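J.: quick one, fold the following:
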Amino acid sequence: QVQLVESGGGLAQPGGSLRLSCAASGFTFASYPMSWARQAPGKGLEWVSGINSDGSDQYYADSVRGRFTISRDSAKNTLYLQMNSLKPEDTARYYCAKAGPFIIRDYSGLSEYDAWGHGTQVTVSS
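T.: You can find the predicted model right below:
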């Protein structure tokens, strides 16, 4: 049974940093691309960042490029999102997602993912 459990969210000040983690189990973590997505209050789900199966390629939404860094540790079956220079507009619930069984064509396409965690809340406010 695939399980994705996010942690690391909380309250941060504008300009601050947070590091999100996603503990994965129930599948061969090192074999699948992974992504982070977020949902702000009253808005739809937005893809944030993706990483290929061996961690050699990373992809970012324009809104976070240069501020967020995605990484993975296959020895720990864990996905990370380092978030720096946080802005109030980064306030959202953040989810990690596992890619489906087929070759991923578009990391930003939410339909590419077949398993999601329950999310962790990030609030950026002074």
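
J.: sec struct for the residue lying closest to G16 once chain neighbours are set aside, please.
T.: Ranked by CB to CB, 6 or more residues apart in numbering and with sequence neighbours excluded, the top spatial neighbour of G16 is L86, at 5.2 Å. From N, CA and C alone the C-beta is placed, and that goes for glycine too. Three-state call for L86 (DSSP: H, G, I helix; E, B strand; the rest coil): coil.

J.: ok, L86 - contacts?
T.: L86 makes contacts with 12-18, 67, 122, 124, as judged by CB atoms under 8 Å, 6 or more residues apart in numbering.

J.: before we move on, what about Q13?
T.: Taking CB under 8 Å, 6+ apart, we find Q13 in contact with 86, 124-126.

J.: what about it, distance to S85?
T.: Counting by CB to CB, to the nearest Å, the gap from Q13 to S85 is 11 Å.

J.: cool, and R72?
T.: Using CB to CB, R72 is found at 22 Å from S85.

J.: those two: who's more crowded?
T.: R72 (23 against 13; other CB atoms under 10 Å).

J.: so who does the more buried one touch?
T.: Going by CB under 8 Å, 6+ apart, the list of residues near R72 reads 29, 34, 51, 55, 78-80.

J.: just those residues now: which is nearest G117?
T.: Among those, L79 lies closest to G117 (CB to CB), at 9.5 Å.

J.: doesn't A24 make contact with the closest one?
T.: Yes - using CB atoms under 8 Å, L79 is in contact with A24, at 6.6 Å.
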